[in-house]
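Asks: Quick one, what's the 3D model for this:
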Amino acid sequence: MTNKPLIIGITGGSGSGKTTVSRALLTRLATHHPVLLQQDSYYRDQSDKPMAERIKTNYDHPDSLENDLFVADLERLMRNQAIDVPVYDYEQHTRSNQTVHVQPTGVIIVDGVLLFNDVNVRNLLDLKVYVDTDDDIRFIRRLQRDTHERGRTVEGVIEQYLATVKPMHNQFVEPTKRYADIIVPEGGQNFIAIDMLMNQALAIVNNNQ
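Replies: Have a look, this model is predicted:
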């Protein structure tokens, strides 16, 4: 692979449907062998902290992410180098000992709540997409995900949403909408917008070849 890969960045509030959009693109761009890199994988290792301190982590603040490593890994993929992506254990609130080996390819899709917050990340993105979904829908989706997949209680999810998720969204996520090239209303259910996004991505990929 000699050409620079196309890097598509997809962001939006927690529960907006950005991962659904990302996976739809993975399917529709399958002939180009795309890979998905999630910013959530780069939450900082906290194994040196006691559990009582780990559970207080504000995952919706930019400081919770090791963005230097995230940027470095993206740059390695751009240079046609493989990377080993961290795996985060949400129940233990720290990184696990596992990694996922990712090979470079012509299309890289990255998603994350705070993706557009860091100028160093933004500068690597060829196409920036913001998934814009109503706050109530996003909260319900987060409640379902965190209780079913991340071992949290309903009360804990509600408390976290009010204490950090909502204020951090207003401070760090919503303002980054202005950086988007494309805004997708209503997340993964907006098939027309996803089709338009896919066509734009294909046009760029084909132009790069």
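
Asks: Now the top strand by length along the chain: buried residues?
Replies: The longest strand of the chain (DSSP state E) is strand 94-102. Under the neighbour-count criterion of 16 or more other Cβ atoms under 10 Å, strand 94-102 has T94, R95, V102 buried. From N, CA and C alone the C-beta is placed, and that goes for glycine too.

Asks: With just CA atoms, put it into CSV.
Replies: Written as CSV, here are the backbone C-alpha positions of strand 94-102 (Å, rounded to 0.1, in the frame of the first residue of the first chain):
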residue,chain,number,x,y,z
THR,A,94,-8.4,-0.1,33.8
ARG,A,95,-6.7,-1.6,30.8
SER,A,96,-6.7,-5.4,30.5
ASN,A,97,-3.5,-7.3,29.7
GLN,A,98,-4.8,-8.0,26.2
THR,A,99,-4.3,-6.1,23.0
VAL,A,100,-5.8,-6.3,19.5
HIS,A,101,-3.4,-6.5,16.6
VAL,A,102,-4.5,-4.2,13.7
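
Asks: Adjacent strands (with direction) for the very next helix or strand once past that strand?
Replies: Per DSSP states H and E, the first helix or strand lying C-terminal to strand 94-102 is strand 107-111. Within its sheet, strand 107-111 is paired with strand 6-12 (parallel), strand 35-38 (parallel), according to DSSP bridges.

Asks: List the buried residues in the helix or strand that strand 107-111 is followed by.
Replies: As assigned by DSSP H and E, the chain's next helix or strand after strand 107-111 is helix 119-122. By 16+ other Cβ under 10 Å, the buried positions in helix 119-122 come out as V121.
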